[in-house]
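In: Here is a sequence with its predicted model. Questions after.
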Amino acid sequence: MAEIVIRNLRKEFGDFTAVQSSSFKIEDGEFFMLLGPSGCGKTTTLRMIAGLELPTSGEIYIDGEEVGQRPASQRDIAFVFQMFALYPHMNVRKNISYPLVSQGMPKHQVAEKVAEVARILGIEKILDRPVGGLSGGDRQRVALGRAIVRDPKAFMMDEPLGALDAEFREHMAEELRALHDRMGATTVYVTHDQLEAMQMGDKIVVMNHGVIEQFGTPQDIYDKPATMFVADFIGSPPMNFLRFHGEVHAGASKVMMHHEELDVPRLMEPFEGDMVFGIRPEHITLNDSGSYRGEVLAAEYLGTTQIVTLKTASGELKARIPSDQPVRAGEFVGLEFNGSTVTLFDNQSGRALR
Ligand code: ATP
């Protein structure tokens, strides 16, 4: 097991900076997600931790030891690529034993380790089958088996479920998380899928253009987004943004938005200028008494809830309400915002005002 500390880590490819000075800490045993859109620098960060890419500057500490410039072979980290990378001419047992045999481990010890890993993964029955004929899920379990068999300090996983269809992907995500909970090994996992990150991660780093936008628990990131990028990237539908010009005083918990006084969480710092009122769809209630009004444009039925699109003086927004609440396209309704859940942003920097 391992604690991993990243300090001012940076990677340049020629004059392009793929990762800008990043710092974060991965606690021992954590399931840690690197999340962001394509090209944001997640894989490069992961490869630097594993030693497959050397940093341009900055440090990587594994259990207190600085390893940033050491080769992968000296870091004791297992890298799980798309999990289908197996040796096709070998059976399951040989695929799993391979890392131990190539280390020169005595035969009886190899047999014990493989039996243990097969038990953990529930694949005892297929040990002597050739990998060629296995189902996708079993191939994935075998690939995982090969990674966990040598008890590395930590696992690096780069979109391991990327190639799977949605339903199976969810199933494997649960299995992977359960496996992690049983083994407790530090795991760093790259994904561009915000739902996967929220469901599986203990902590999440959200990256954009090589920069860390936020680092925290899934709940922190969802409830207290540090930037508009995070608020927009996380959640489906994402947070609504209503733009307005105004002023808030330090300690105040109200803002005037388009002549309406609205509750917001108390701000520590005063602010004046172009602001954004951020509210998640599920924190909006539709009722007749709300003085902030909007016109219903459309409703999308989703089972227990529906997503209603509304046109307001500040722009379009989406509300998630119970599906048994009747709404009609074209009608005007009052909107109520749950003030304690609002995030105000500085429109220019995109940063949350606190
Ligand atoms: P994806 O999910 O698409 O892989 P990512 O967030 O993992 O995205 P990276 O693979 O880390 O992104 O790449 C970050 C940026 O660095 C991209 O613009 C990519 O083109 C660039 N990059 C990555 N590796 C190299 C390299 N060896 N040489 C030059 N540019 C690179």
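Out: Nice, I can see it. Numbering: from 1, shown residues only.
In: for the chain, longest helix please?
Out: Criterion DSSP state H: the longest helix present in the chain is helix 166-183.
In: Direction included, what does the helix or strand following that helix pair against?
Out: Sequence-wise, the next helix or strand downstream of helix 166-183 (DSSP states H and E) is strand 186-191. Strand 186-191 pairs in its sheet with strand 31-35 (parallel), strand 154-158 (parallel), by DSSP bridges.
In: okay, those in JSON lines with mean pLDDT and distance to the ligand next?
Out: Heads up, the C-betas are built off the backbone N, CA and C, glycines and all. Listed next are the strands paired with strand 186-191 as JSON lines, based on pLDDT from 0 to 100; distance: least, Cβ to the nearest ligand atom, whole Å:
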{"stretch": "strand 31-35", "mean pLDDT": "98", "distance to the ligand": "8"}
{"stretch": "strand 154-158", "mean pLDDT": "93", "distance to the ligand": "8"}
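In: pLDDT of stretch 11-26, averaged?
Out: Averaged over stretch 11-26, pLDDT sits at 97.
In: Any buried residues in it, and which?
Out: 11, 17-20, 22, 24, 26 (16 or more other Cβ atoms under 10 Å).
In: can you check stretch 140-150 too?
Out: Here stretch 140-150 shows 140-150 as buried, counting by 16+ other Cβ under 10 Å.
In: show me the contacts for the residue nearest to H249 when sequence neighbours are not counted.
Out: Using Cβ to Cβ, 6 or more residues apart in numbering and skipping the chain neighbours, the partner closest in space to H249 is P270 (5.2 Å). By Cβ atoms under 8 Å, 6 or more residues apart in numbering, the contact set of P270 is 247-250.
In: Over to E196?
Out: Contacts of E196 by Cβ under 8 Å, 6+ apart are 33, 161, 169, 173.
In: Is the first one in contact with Q199, as I believe?
Out: No - proximity of M33 to Q199 does not meet the contact threshold set by Cβ atoms under 8 Å, at 9.8 Å.
In: more crowded one of the two?
Out: M33 (28 against 14; other Cβ atoms under 10 Å).
In: Walking through the stretch 151-300 of the chain, point out its helices one by one.
Out: Taking DSSP state H, counting those that start in this stretch to define them, one finds helices in the stretch 151-300 of the chain at 166-183, 194-200, 218-223, 228-233.
In: Quick check: which helices or strands does the longest helix of the chain pack against?
Out: With contacts taken as 3 or more Cβ pairs under 8 Å, 6 or more residues apart in numbering; DSSP states H and E, helix 166-183 sits against helix 107-121, helix 136-148, helix 194-200.
In: tell me the mean pLDDT over that helix?
Out: Mean predicted confidence for helix 166-183 is 85.
In: Now for the residue most central in space within the chain: which residues touch it?
Out: In the chain, the C-alpha nearest the mean C-alpha coordinate belongs to A197, at 3.0 Å (Cα atoms, centre = their mean). Residues near A197 by Cβ under 8 Å, 6+ apart: 33, 35, 191, 204, 218.
In: hmm, which two among these are most spread apart?
Out: Greatest spatial distance in the contacts of A197: T191 and P218, 12.5 Å, computed using Cβ to Cβ.
In: These two: who's more crowded?
Out: Taking other Cβ under 10 Å, T191 and P218 do not tie; T191 has more neighbours (23 against 19).
In: Distance check, that one against D15.
Out: Distance, T191 to D15, by Cβ to Cβ, to the nearest Å: 28 Å.
In: and what of L353?
Out: When L353 is compared with D15 (using Cβ to Cβ), they lie 35 Å apart.
In: give me phi/psi at P88?
Out: Backbone torsions of P88, given as degrees, to the nearest 10, read phi -70, psi -30.
In: Check the burial of the closest residue to the ligand within the stretch 151-300 of the chain by counting its neighbours.
Out: As assessed by Cβ to the nearest ligand atom, the ligand sits closest to H192 within the stretch 151-300 of the chain, at 5.4 Å. H192: 17 surrounding residues under other Cβ under 10 Å.
In: List the contacts of it.
Out: 35-38, 42, 159.
In: can we see that at 10 Å?
Out: Contact analysis of H192 by Cβ atoms under 10 Å, 6 or more residues apart in numbering lists 34-40, 42, 159, 162, 233.
In: Just put these in JSON lines and tack on distance to R293 and neighbour count.
Out: Formatted as JSON lines, those follow (distance: Cβ to Cβ, whole Å; neighbours: other Cβ atoms under 10 Å):
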{"residue": "L34", "distance to R293": "42", "neighbour count": "29"}
{"residue": "L35", "distance to R293": "36", "neighbour count": "28"}
{"residue": "G36", "distance to R293": "37", "neighbour count": "28"}
{"residue": "P37", "distance to R293": "35", "neighbour count": "14"}
{"residue": "S38", "distance to R293": "39", "neighbour count": "7"}
{"residue": "G39", "distance to R293": "41", "neighbour count": "14"}
{"residue": "C40", "distance to R293": "39", "neighbour count": "23"}
{"residue": "K42", "distance to R293": "42", "neighbour count": "27"}
{"residue": "E159", "distance to R293": "44", "neighbour count": "18"}
{"residue": "G162", "distance to R293": "44", "neighbour count": "14"}
{"residue": "F233", "distance to R293": "30", "neighbour count": "24"}
